[in-house]
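A.B. asks: here is a sequence together with a model predicted from it:
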Amino acid sequence: MVNDMRFQLGSLLEMKKPHAKPCGSKFWKVIRYGADCKIKCEGCGRIVMIDRVKLKKRIKHVVEE
């Protein structure tokens, strides 16, 4: 689990698992950051809302800020 991971609005994140059926991409961009985060898949463009705690558990590492 990544506790000290720092990311912000516009950061590119690599997830531990690929985006299931739609595209298989592991890269997501943060487009809203607060109590809930909105992230956009770089492969297919799908936008997902996820709470910050779950998002931090699913991140492998921050590619760029």
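C.D. replies: Perfect, I can see it now. Numbering: from 1, shown residues only.
A.B. asks: quick check: the gap between the residue sitting furthest away from the middle of the chain and Val63.
C.D. replies: Within the chain, the residue lying farthest from the chain centre (C-alpha atoms, centre = their mean) is Lys21, at 16.6 Å. As judged by C-beta to C-beta, to the nearest Å, Lys21 and Val63 stand 23 Å apart. Yep, even glycine has a C-beta here, placed from its N, CA and C like the rest.
A.B. asks: centre of the chain to the helix or strand of the chain with the lowest mean pLDDT, how far?
C.D. replies: When each helix and strand of the chain is scored by mean pLDDT, DSSP states H and E, strand 59-64 comes last, with a mean of 88. Relative to the centre of its chain, strand 59-64 is centred 8 Å away, using C-alpha atoms, centre = their mean, to the nearest Å.
A.B. asks: stretch 9-23 too?
C.D. replies: So, by C-alpha atoms, centre = their mean, the centroid of stretch 9-23 is 5 Å from its chain's centroid.
A.B. asks: how long is that stretch end to end?
C.D. replies: 23 Å (C-alpha to C-alpha, to the nearest Å).
A.B. asks: now do the strands in this protein.
C.D. replies: With strands called from DSSP state E, the chain shows them at 12-15, 27-33, 36-41, 47-51, 59-64.
A.B. asks: now do the third one against strand 27-33, angle only.
C.D. replies: Counting by axes from the mean of the first three to the mean of the last three C-alpha atoms, to 10 degrees, strand 36-41 points 150 degrees away from the direction of strand 27-33.
A.B. asks: who's in contact with strand 36-41?
C.D. replies: Strand 36-41 has contacts (C-beta atoms under 8 Å, 6 or more residues apart in numbering) with 13, 19, 22-23, 25, 27-32, 46-52, 55.
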